[in-house]
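A.B. asks: output the structure for:
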Amino acid sequence: MVSTPGNRRPGHSRRAQYNTFYNYLLAVGGLGIGVVLLLVSLNDSGAFASTRAAANGVVAPVAVAGAEARHESTSWFATLAGYFTRGSRVAALEREVSEARVKLAEQAALKDENARLKALLALSESDDKPVAFARLIGSTSSSTRRFATLSAGSNQGVRVGMGVRSPLGLVGRVLEVGSTTSRVLLITDTESTIPVRRAVDGVQAYATGQGDGTLRIRLAATGINPLRKGDAIVTSGSGGLYRPNEAVAVVVSLIQDGAIARPLSDPGMTEYVAVERAFDEAAASAAAMPEVPVAP
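C.D. replies: Coordinates of the predicted model:
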């Protein structure tokens, strides 16, 4: 029986032996070429620039495809994450929108308040400036008597008898005074009577409150009723209490001896008012001022 040798050479022919030899030779040759290229590149870094550019051009489509695949995968993960976090984000956006609406409402309220204050401050451009500016912090609406509470009193210079008006017109007069608040008798009260006239021609009359939010205009002279719907009624200045030419009301209907008028300034809709000196007090203070001598 023939035994097989333990250390047998690869292959059973010379062809296999030559193939092994050539493989070793190619490996050594490739290693040598690599060493030569390495040495050249170390001495001259731009020697193989064109070759690298050509290689980059060859692999560019593959790199672009890989980049697009990474972008698509990233977008997919972002979409998936956004799906799970959508609820919290929507809630946060709705909260921000609600807060923005509140801020816009506050800004609109401030703008409206500033407009009313500017209109009220325009009253101080007259020769006799108001004593104080204050709020109407309360008014009667269900009772037949018509009063209002003013957030200014003797500490602010308010006195009994002073007129109270808003930018739209006359509100009433001070009836009682405390240290920080005052009680105002509204022009619509049944105990309020105001000397008035028609603005266009000065027809004299008296405006008396009816306790229902309207005024009764009674003509001073009997005869033919000259009033018409839409006539503007202003103070005449008679009696020394209210300053002349302050807006009071507008005629809405006619009666036999006068008319029914609607006050221009509604206390329920009025926030800021000005307190003015009584007309005779203003005239007396003006008369008491020393005259400035004029040089000849």
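
A.B. asks: ranges for the helices of the stretch 151-296 of the chain?
C.D. replies: Using DSSP state H, counting those that start in this stretch, the helices of the stretch 151-296 of the chain run over 279-288.

A.B. asks: where does the prediction get shaky in it?
C.D. replies: Scanning the stretch 151-296 of the chain with the threshold set as pLDDT under 70 gives 280-296.

A.B. asks: go again using 50 as the cut-off
C.D. replies: In the predicted model of the stretch 151-296 of the chain, residues 281-296 satisfy pLDDT under 50.

A.B. asks: how about the strands of it, start to end?
C.D. replies: Ranges of strands in the stretch 151-296 of the chain, per DSSP state E, counting those that start in this stretch, are 163-165, 170-177, 182-186, 193-198, 204-209, 215-219, 232-235, 247-255, 258-263, 272-276.

A.B. asks: most tightly surrounded among those?
C.D. replies: Stretch with highest mean neighbour count among the strands of the stretch 151-296 of the chain: strand 163-165 (a mean of 27; mean count of other CB atoms under 10 Å). (Each C-beta comes from the backbone N, C-alpha and C, glycine too.)

A.B. asks: and residue 150, what are its bridge partners?
C.D. replies: Residues in a beta bridge with residue 150, per DSSP bridges, are residue 136, residue 182.

A.B. asks: count the neighbours of it for me.
C.D. replies: As a burial measure, residue 150 scores 28 neighbours (other CB atoms under 10 Å).

A.B. asks: let me have the strands of the stretch 151-296 of the chain in CSV, extended by distance to residue 26.
C.D. replies: Listed next are the strands of the stretch 151-296 of the chain as CSV, based on distance: least, CB to CB, whole Å:
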stretch, distance to residue 26
strand 163-165, 112
strand 170-177, 112
strand 182-186, 114
strand 193-198, 122
strand 204-209, 121
strand 215-219, 120
strand 232-235, 116
strand 247-255, 113
strand 258-263, 114
strand 272-276, 102
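
A.B. asks: which one of those strands lies nearest to residue 151?
C.D. replies: strand 182-186 (8.4 Å; CB to CB).

A.B. asks: what sits up against that closest one?
C.D. replies: Here strand 182-186 makes contact (CB atoms under 8 Å, 6 or more residues apart in numbering) with 136, 139, 146-150, 152-153, 158, 164, 171-177, 191-192, 209, 267, 275.

A.B. asks: correct me, but residue 240 touches residue 163?
C.D. replies: No - counting by CB atoms under 8 Å, residue 240 stays clear of residue 163, with 11.1 Å between them.

A.B. asks: common neighbours of these two, please.
C.D. replies: Common neighbours of residue 240 and residue 163 (CB under 8 Å, 6+ apart) are 278-279.

A.B. asks: closest to residue 34 out of the strands of the stretch 151-296 of the chain?
C.D. replies: Nearest of the strands of the stretch 151-296 of the chain to residue 34, taken as CB to CB: strand 272-276 at 93.7 Å.

A.B. asks: partner strands of the closest one and their direction?
C.D. replies: strand 132-139 (antiparallel), strand 163-165 (antiparallel).

A.B. asks: hey, least reliable of those strands by pLDDT?
C.D. replies: Of all those, the minimum mean pLDDT falls on strand 132-139 (a mean of 84).

A.B. asks: run the angle between it and strand 170-177 for me.
C.D. replies: Inter-element angle recorded for strand 132-139 and strand 170-177: 90 degrees (by axes from the mean of the first three to the mean of the last three CA atoms, to 10 degrees).

A.B. asks: what separation do you get for the closest residue to residue 214 other than its chain neighbours and residue 227?
C.D. replies: Setting aside the residues directly before and after it, residue 214 is nearest to residue 260 in space (CB to CB, 6 or more residues apart in numbering), at 5.5 Å. The gap separating residue 260 from residue 227 is 10 Å, by CB to CB, to the nearest Å.

A.B. asks: any shared contact partners between those two?
C.D. replies: 217, 251, 254.

A.B. asks: would you list those in a markdown table and tack on distance to residue 182?
C.D. replies: What follows is these, written out as a markdown table (distance: CB to CB, whole Å):
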| residue | distance to residue 182 |
| --- | --- |
| 217 | 27 |
| 251 | 30 |
| 254 | 36 |
